[in-house]
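>>> Would you be able to build a 3D model of this:
(one chain, ligands or ions: 1)
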Amino acid sequence: MSVEVARDRAVAVVTIDRQDALNALNVETLTDLRDRLRELSIDNGVRAVVLTGAGEKAFVAGADIKYMSGLEPDAAKGWGGLGHETGRLLETMAKPTIAAINGFALGGGCELALACDIRYASRRAKLGQPEINLGIVPGWGGTQRLARVCGIGVAKELIFTGRTVDAEEALRIGLVSAIADPVLDKAVETAHELAGKSSLALALAKRLVNMSPGALDTEADEFGELFSSADAQEGLTAFAEKRAPKFLGR
Ligand code: DAK
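Take a look at the predicted model:
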């Protein structure tokens with residue numbers, strides 16, 4: 001299997017392992033990743049998901065260039081669809097997803113990280129969308145998500161030039177939230193922290209942040225609805241009673 005899932009209580013760590021190709025994604029690996037994420041998205045015992053790459057060198061060095069070099073347009077559309085489906089699972093599953101970027105996160109690798117809710121980078125990480133240098137463009141959501149995360153100007157500069165950024169620059173432009181080594185420890189620590197919060201409130205926060213700015217009315221409505229939950233009552237009461245809240249997810 002090219003994608004391993006390890007469970008540590010309510011946290012699942014998903015590791016992409018195709019080290020001889022710097023964890024580049026071929027059909028088998030990407031399908032495997034999509035299937036594991038599907039399972040985790042509906043597993044109520046899992047409250048946070050961490051995504052990382054195996055080995056010292058790479059998170060994911062991109063979509064497999066050798067595979068793509070022979071693709072006909074129809075097959076390329078299917079390949080794009082598989083990547084999109086995988087990204088959407090990370091982006092929309094009702095639990096937080098965290099990318100632990102332990103090395104190269106290029107092309108499709110950077111796009112997978114962008115689909116996660118939170119990104120942390122190792123000091124040796126290198127990120128970018130170098131597709132332009134192959135005569136193609138980001139095909140798994142990068143044009144949209146990079147612009148949303150870093151702003152349209154930064155996204156255009158990185159996508160047009162295809163240059164990669166190191167961890168320091170990634171932090172400065174908001175592409176990652178922190179630099180940490182070992183980066184997986186930092187991601188798992190945050191995942192456990194999030195797993196202890198109200199799953200209901202977290203899922204709603206994720207859904208609302210994912211919406212466009214035109215969704216302010218929805219935020220107001222859903223915020224009101226959340227007050228009928230036991231978790232909201234518990235969290236607010238626990239503060240007043242100076243004790244830690246016990247969230248039940250309802
Ligand atoms: N694909 C396939 N193999 C890769 C790979 C990749 N993306 N990246 C690395 N490898 C392989 C290398 O070929 C080499 O294999 P062997 O030659 O040993 O068999 C092995 O991994 C080790 O790589 P290097 O020897 O090159 O290692 P170095 O440390 O010297 O260099 C590097 C590391 C990351 C700088 C270099 O490997 C590199 O530049 N890799 C390519 C990075 C890249 O360009 N990534 C973006 C790929 S494009 C779309 C759908 C999807 C996409 C676009 C459109 N549509 C449907 C529209 C996505 C596109 C991409 O992701």
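>>> which residues touch residue 25?
Residues near residue 25 by CB atoms under 8 Å, 6 or more residues apart in numbering: 16, 18, 33, 60, 62, 63, 64, 83, 108, 109. C-beta coordinates here come from the backbone N, C-alpha and C atoms, glycine included.
>>> Identify those among the residues you listed that sit within helices.
Judged by DSSP state H, the subset of the contacts of residue 25 located in helices is 33, 83, 108, 109.
>>> Tell me how many other residues crowd the second one.
Translated: residue 83. 24 (other CB atoms under 10 Å).
>>> same check, this time on the third one
Applying the criterion other CB under 10 Å, we find 29 residues in the vicinity of residue 108.
>>> Look up how far the ligand lies from the closest residue to it other than its chain neighbours.
In space, and not counting its chain neighbours, residue 108 is closest to residue 63: 3.9 Å by CB to CB, 6 or more residues apart in numbering. Separation of residue 63 from the ligand (CB to the nearest ligand atom, to the nearest Å) stands at 4 Å.
>>> who's residue 63 bridged to?
Applying DSSP bridges to residue 63 gives these bridge partners: residue 25.
>>> I figured it hits residue 83, correct?
Yes: if you go by CB atoms under 8 Å, residue 63 and residue 83 touch, sitting 7.0 Å apart.
>>> who touches both of the two?
Residues within reach of residue 63 and of residue 83 at once, by CB under 8 Å, 6+ apart, are 25, 30, 108, 139, 140.
>>> Which helix or which strand is home to the fourth one?
Assigned by DSSP states H and E, residue 139 belongs to neither a helix nor a strand.
>>> next one: the second one
Counting by DSSP H and E, the secondary-structure element that holds residue 30 is helix 27-41.
>>> and that helix, C-alpha only, in PDB?
Output in PDB follows, covering the C-alpha atoms of helix 27-41 (Å, rounded to 0.1, in the frame of the first residue of the first chain):
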ATOM      1  CA  VAL A  27      -2.900   6.900 -10.300                       C
ATOM      2  CA  GLU A  28      -2.400   4.100  -7.700                       C
ATOM      3  CA  THR A  29      -1.100   6.400  -5.000                       C
ATOM      4  CA  LEU A  30      -3.700   9.100  -5.600                       C
ATOM      5  CA  THR A  31      -6.500   6.600  -5.700                       C
ATOM      6  CA  ASP A  32      -5.300   5.100  -2.500                       C
ATOM      7  CA  LEU A  33      -5.100   8.500  -0.900                       C
ATOM      8  CA  ARG A  34      -8.600   9.400  -2.100                       C
ATOM      9  CA  ASP A  35     -10.000   6.200  -0.700                       C
ATOM     10  CA  ARG A  36      -8.300   6.500   2.700                       C
ATOM     11  CA  LEU A  37      -9.600  10.100   3.100                       C
ATOM     12  CA  ARG A  38     -13.100   9.000   2.200                       C
ATOM     13  CA  GLU A  39     -13.000   6.400   5.000                       C
ATOM     14  CA  LEU A  40     -11.600   8.900   7.500                       C
ATOM     15  CA  SER A  41     -14.200  11.600   6.500                       C
END
